[in-house]
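In: give me the fold of what follows.
(chains A, B, C and D)
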Amino acid sequence: MSILINREMDIIVQGITGRAGEYYARLMYEFGMNIVAGVSPTADGTWVMDGKVPVFDSVETALEIFPTAKASIVFVPAPQALDALYEAADAGSFSLVVCVTKGIPIHDVSKVCRTFDARGTRFIGPNSPGIFNPGSALLGVYPADCAIPGDVGVVSRSGTLSYAVLETLKNAGIGVSSCIGIGGDTLQGTTVADALSLLDADVYTKKIVLIGGVGGQEEERAASQVMFSMSTPVVAYFAGRQFPKGRTFGLSGAFIDGGIGDVARKETVFQQMGVRTVRQLRDLPRVLESYS
Amino acid sequence: MSILINREMDIIVQGITGRAGEYYARLMYEFGMNIVAGVSPTADGTWVMDGKVPVFDSVETALEIFPTAKASIVFVPAPQALDALYEAADAGSFSLVVCVTKGIPIHDVSKVCRTFDARGTRFIGPNSPGIFNPGSALLGVYPADCAIPGDVGVVSRSGTLSYAVLETLKNAGIGVSSCIGIGGDTLQGTTVADALSLLDADVYTKKIVLIGGVGGQEEERAASQVMFSMSTPVVAYFAGRQFPKGRTFGLSGAFIDGGIGDVARKETVFQQMGVRTVRQLRDLPRVLESYS
Amino acid sequence: MKLLEYQVKNLFRRYGIPVPVGKVASSAREVKNIAEEIGKPVVIKAQIPVIGRGEKGGIRVARSAVEAETISSEMMAGRIDGFPVHKVQVDEALAIQDEYFVVLTIDRATRYPALILYTDAQKRIEAAANAIDEKDISVSIDPLIGLQRYQIRNLARQAGFPPALLSVFTNICLQMWSLFTQVDARYVALSPLVITEHQRVIALDGKIALDRCALFRQSFIADHANYILVSENELEAFKQGFVYLDFGNEKSIACLANGAGLTLATMDYVVEAGGTVSDLVDVGARTLTDHSNRALTILLRDEKIQAVVVNIYGCMTSCGEIAKRLLSAWEEADRRVPVFVNFDGYGKMEANSLLQNSGIIVCSSLEDAVNSAVAQTKEMTG
Amino acid sequence: MKLLEYQVKNLFRRYGIPVPVGKVASSAREVKNIAEEIGKPVVIKAQIPVIGRGEKGGIRVARSAVEAETISSEMMAGRIDGFPVHKVQVDEALAIQDEYFVVLTIDRATRYPALILYTDAQKRIEAAANAIDEKDISVSIDPLIGLQRYQIRNLARQAGFPPALLSVFTNICLQMWSLFTQVDARYVALSPLVITEHQRVIALDGKIALDRCALFRQSFIADHANYILVSENELEAFKQGFVYLDFGNEKSIACLANGAGLTLATMDYVVEAGGTVSDLVDVGARTLTDHSNRALTILLRDEKIQAVVVNIYGCMTSCGEIAKRLLSAWEEADRRVPVFVNFDGYGKMEANSLLQNSGIIVCSSLEDAVNSAVAQTKEMTG
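Out: Numbering: from 1, shown residues only, chains lettered A, B, ... in the order given. Modelled structure (predicted):
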């Protein structure tokens, strides 16, 4: 159960013949998801995953055979990602597109967000680990055994950190309804605020964990939304408290520039809005359980 | 009465300080239209038309003072027209934008059509004489005395030719409900087919005259629509029967290239669809009156 | 404004679209040198704005440099469809395995750009560029996003373009898109794009039509006007900024009107009344400068014109103002032929009285003006 | 990747954005020549990646060429914020009437580009570029349409920019847009754009941050990496394709993890447990090539590092594979410091048994790894 995806959904994997594409397509397939077709411009007519999934050279041809596909997950490398995402948008069939690819130029992401906005398609990513409803559905790269089903929703800007958080919750016996990885790059198709709204509206989600990070003001913007328009309680954790000002961390949106993006400031804003924050991940289970 | 415009509508004139802009704004004003403001980037804060109409440097500022404006008519010269039309689209307030300017580069028109399509704004033109509902409303450059009110709708690709047609009808005692000048350039925001649909849906219009021309296949496409989905009878006239193949007439969409756009072919298609055509304008009143 | 082949190939080269090894030449001697340089059979092509020049002797193959010199000197001595051959393009001859026609244009139906691919060599590029056939394979392009690789893949797959050459084809199409948008083309065509025996992908020929409206930002368009506009009259009108077409017919009637539709309707009227039309002038209905006087001056000095029909619907520029301009041209003219005028709309009365007894003949209707003009030319010819 | 002032000004010149008369120099002698050429008072500015260098002696005025030589030789002899001054920019000194700060960036809230204008000289460009303040005057730009003139007009009007200079300002902003999109900038700023006493409009200084992700299509970005990356370690990691940050702290702990968030969380953990972190490595969680071995090699040979904390969550690249790579680096290393490893996720068991008795210390939890590392450095320092 829970948001955006379910096990009945027909899914197309763009970039399925790449190493990551095939690896994660297989994990999703083994989890029980309907991976109906893959797309790879150079592998048209082949089959992957032991002959179970056909590969087409374009989304258009894949949709001719599988017109019921409603979601696409994109593993196409960054230099070709703009083309793949325009292709997904242009197909017009998808209600949901998840982009796992990281390191897409910011101008490309901006254009793609504009295109998905205009079409009303839910776009998650880029650099997103996807969506994981434990015990139910998986569209992304989450290790399926890192979480157990439950009523805590998770919104995260990062991948492996969210797996570690899910595992921390699991070890404390706390189950998860849905985890949305909105992506760690500078721009996100689905913002922190959007993801919080989705979970707030979900009947299976009773509490929410927000895993944020240094950089940007997305979380601050979300804080007032939590305060003024959400009924589900939220606990927030921010990575990068000790990250120095003026530096940029790789390709990610993690940087404190001109004082913007400081974790201490984020925590202050959240606390002012009455939202609980935890400094250490190990405190998360205890604080979550204090809401009931 | 009749389509798209009425005398109560608040109108903004973009490019009002140009010679054509001011001249036609005055005619519309004298006709009784609510010209509430003009826009001219270089004449902010001035007044035109004997101090009756204020001029702003942008649509945004004009709309701050006159938020009720629902239509814009654009006289901005071709090199600046793209900017002016994007500005009109971006304002978000207009349900109708008429572009009188001619000679806008075709790539610009394509982009502007894309933008208006996405916003759902009715865009008429470019190179359009506008819309004229005789005795009722005028948004355009029609000479107000060339027609009398009645029940004949007119769709035209050309300006002065349509005035001459309206005058021919007037001299024969035939009145007009609405005349839409869709514009004589290669591309039109509102196509022949769109304009025919508007008139077909109008309760005041009982018969329709289509004034087409050499070039393109717009009319042929419209013919099947007339046949299969319209209830109002249509009479068509096409200018340029004698125009030689392979030549382009000025900046307009008038050219027969590769056999496309031939008037004889257009007439044949219309006749096959059971739509009447006239070879000579002087025959128009007689044929129109034969429908009743 | 359609460019000549060698102009098209220059642009193709600049944009990295592969063309045959070759050059343009202005003399048979140059052709010989180029053919020697190429060192194998060459194709010699007349540089003239004529559709289907191949069937008219405008494209010939030469097996040697000497033969190339002979053929080109013959070609450049003659005329094709009335056009003198000042230049020829000399290209390597290629052994062709497959040919495709690729057209990038703006689809009048959707108002968006479209990339079209077809294989029917009989079909005119101009037809494809002006109306997409349901049988054509095409993709519609969002003008704000531009042509994307996936669209080219879809096109190539549907057309059965060899997958092994897809990436070459993709780059060619993307370069076509750059060219199309950057020079403000109405269409760009590869006609044909061939695959040679050695699997080279080459645009054997191409067509580009420029958008005259983009002159204000594409100053190079003006440089091409000389080549494209057929007559001196057209060139002069182009420079002055009004629309003039000269069909080159002898003993003819000229039509001068304001607005394209009205001008065309006037021409139809004259031809259907039995007249011959050679010159068509649209002085424009909403232009800042009225060019009636300059237009009439050009018409009056053209020896092939025997009468002029003027058909004006007065609007922003009133009939009266136009009458004044016509009069000044009339009075300054060295050569005079009968000018029959019909005025309607704003300022009709003033115009009619201005021209009374001026020598310019004011008519009561367009029908009257046309019939008088036709009678006049019949009389002079008869 | 932020460019230095003289690199920014080179780009501004190429795009027609007006900058002061001036040049970059690498020696005091050159500075003197440039100042003579300019022939009036000059401003000498240290070319270093330091925010607020003016307050730190990095910007000085010279009234004569001789003074310019003296000042620059002083400046180039010293260091500012630890950076040696290899180059200085020498610009004409200008009498300024008004100053504006103009920033073109991508707004993280809307995900669309925005053009921002403000006049508060105290505010950092970086702050404006990363979050639009409600008090700023700004326009949002459709990334598919691009910046339009009407938007610049609206911005200028709201800011009270002198209408007489609007067309100059408009062209500057349009050129900024070209630069912004064509070089794949994260932001372009004019800081400030001044109006001089003589009504010249000039970008006195500017800032450009490039998008490292666009390296695949902007090869020139790689040329700038040398200037931008602070340490040898960072440069080597950049060339090999993984993320490395070196904060230059002595006697420190290095953190190596997979995924940006996990790396940051690991750093937080170490610092809050009392450790000093200097080096941060993200080997990536979904990369095609795992760089753990190369990363550990760099860390082990860095003399300032006294312990390494490795925190890996196994996914596509399993903990086992990473363990193998760490082991190979460990075995090849000339210098060894204690490495404390925490594995979670896929392949944890295999990895733990692989490293048993290897010299690399496998810990039962991240807490355990961090506390051991901190204790280790305390011990060595203490």
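In: which parts of chain A sit against chain C?
Out: Chain A has residues A:41, A:44, A:57-61, A:80, A:82-84, A:86-87, A:90, A:111, A:115 near chain C, with proximity defined as CB under 8 Å from any CB of the partner chain. In short, each C-beta sits where N, CA and C put it, glycine included.
In: biggest separation within the residues you listed, which pair?
Out: Spanning the widest gap among those are A:Asp44 and A:Lys111, at 26.7 Å by CB to CB.
In: which one's more surrounded, these two?
Out: A:Lys111 (22 against 17; other CB atoms under 10 Å in any protein chain shown).
In: the residue lying closest to the more buried one once chain neighbours are set aside: neighbour count?
Out: Once flanking residues are discounted, A:Lys111 sits nearest to D:Pro143: 4.7 Å by CB to CB, 6 or more residues apart in numbering or on different chains. Using other CB under 10 Å, D:Pro143 has 22 neighbouring residues.
In: what about the closest residue to chain C within the stretch 1-150 of chain A, which SS state?
Out: Closest to chain C within the stretch 1-150 of chain A is A:Glu87: 3.9 Å, counting by CB to the nearest CB. Here A:Glu87 is helix, with the state taken from DSSP: H, G, I helix; E, B strand; the rest coil.
In: returning to what we had before: most neighbours of all the residues of chain A next to chain C, which one?
Out: Of these, with other CB under 10 Å as the count, A:Ala84 tops at 27 neighbours.
In: quick check on that residue: phi, psi?
Out: When quoted as degrees, to the nearest 10, the phi and psi of A:Ala84 stand at phi -60, psi -40.
In: what's the local residue count around the nearest residue to it once chain neighbours are set aside?
Out: Setting aside the residues directly before and after it, A:Ala84 is nearest to A:Val76 in space (CB to CB, 6+ apart), at 4.0 Å. By the criterion of other CB under 10 Å, A:Val76 has 26 neighbours.
In: which element is A:Val76 on?
Out: Per DSSP states H and E: A:Val76 is located in neither a helix nor a strand.
In: what's the burial count for the residue of the stretch 201-350 of chain C found nearest chain A?
Out: Among the residues of the stretch 201-350 of chain C, C:Val201 lies closest to chain A, at 17.6 Å counting by CB to the nearest CB. C:Val201 has 20 neighbours, counted by other CB under 10 Å.
In: assign the nearest residue to it once chain neighbours are set aside to helix, strand or coil.
Out: Spatial nearest neighbour of C:Val201, excluding adjacent residues (CB to CB, 6+ apart): C:Val168 at 4.8 Å. For C:Val168, the assignment made with three-state DSSP gives helix.
In: could you check how far C:Val168 is from B:Val36?
Out: 57 Å (CB to CB, to the nearest Å).
In: same question for A:Ala88.
Out: 44 Å.
In: more neighbours: the two, which one.
Out: Neighbours around A:Ala88 and B:Val36, counted as other CB under 10 Å, are more numerous at A:Ala88. The numbers are 31 against 18.
In: surely A:Arg114 meets D:Ile145?
Out: No - using CB atoms under 8 Å, A:Arg114 is not in contact with D:Ile145; the gap is 9.1 Å.
In: of the two, who's got more company?
Out: Counted by other CB under 10 Å, A:Arg114 and D:Ile145 do not tie: A:Arg114 has more neighbours, with 21 against 18.
In: tell me the SS of that one?
Out: Going by three-state DSSP: A:Arg114 is helix.
In: and the pLDDT for it?
Out: A:Arg114 is assigned 97 on the pLDDT scale.
In: residues in contact with it?
Out: D:111-112, D:142-144 (CB atoms under 8 Å, 6 or more residues apart in numbering or on different chains).
In: other SSEs contacting the lowest-mean-pLDDT helix or strand in chain A?
Out: For chain A, counting by mean pLDDT, DSSP states H and E, helix A:218-229 ranks last in confidence among helices and strands (a mean of 84). The contact analysis (3 or more CB pairs under 8 Å, 6 or more residues apart in numbering or on different chains; DSSP states H and E) places helix A:218-229 against helix A:192-200, strand A:207-213, strand A:234-239, helix A:263-272.
In: can you do 6 Å?
Out: Contact partners of helix A:218-229 among helices and strands, from 3 or more CB pairs under 6 Å, 6 or more residues apart in numbering or on different chains; DSSP states H and E: helix A:192-200, helix A:263-272.
In: with only the CA atoms kept, save that helix in PDB.
Out: As requested, the backbone C-alpha atoms of helix A:218-229 are provided in PDB (Å, rounded to 0.1, in the frame of the first residue of the first chain):
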ATOM      1  CA  GLU A 218      14.000  23.800   0.600                       C
ATOM      2  CA  GLU A 219      13.600  22.500   4.100                       C
ATOM      3  CA  GLU A 220      13.000  25.900   5.600                       C
ATOM      4  CA  ARG A 221      10.300  26.500   3.100                       C
ATOM      5  CA  ALA A 222       8.800  23.100   4.000                       C
ATOM      6  CA  ALA A 223       8.900  23.900   7.700                       C
ATOM      7  CA  SER A 224       6.200  26.500   7.500                       C
ATOM      8  CA  GLN A 225       4.100  24.100   5.500                       C
ATOM      9  CA  VAL A 226       4.500  21.400   8.200                       C
ATOM     10  CA  MET A 227       3.400  23.900  10.700                       C
ATOM     11  CA  PHE A 228       0.500  25.500   8.900                       C
ATOM     12  CA  SER A 229      -1.000  22.900   6.600                       C
END
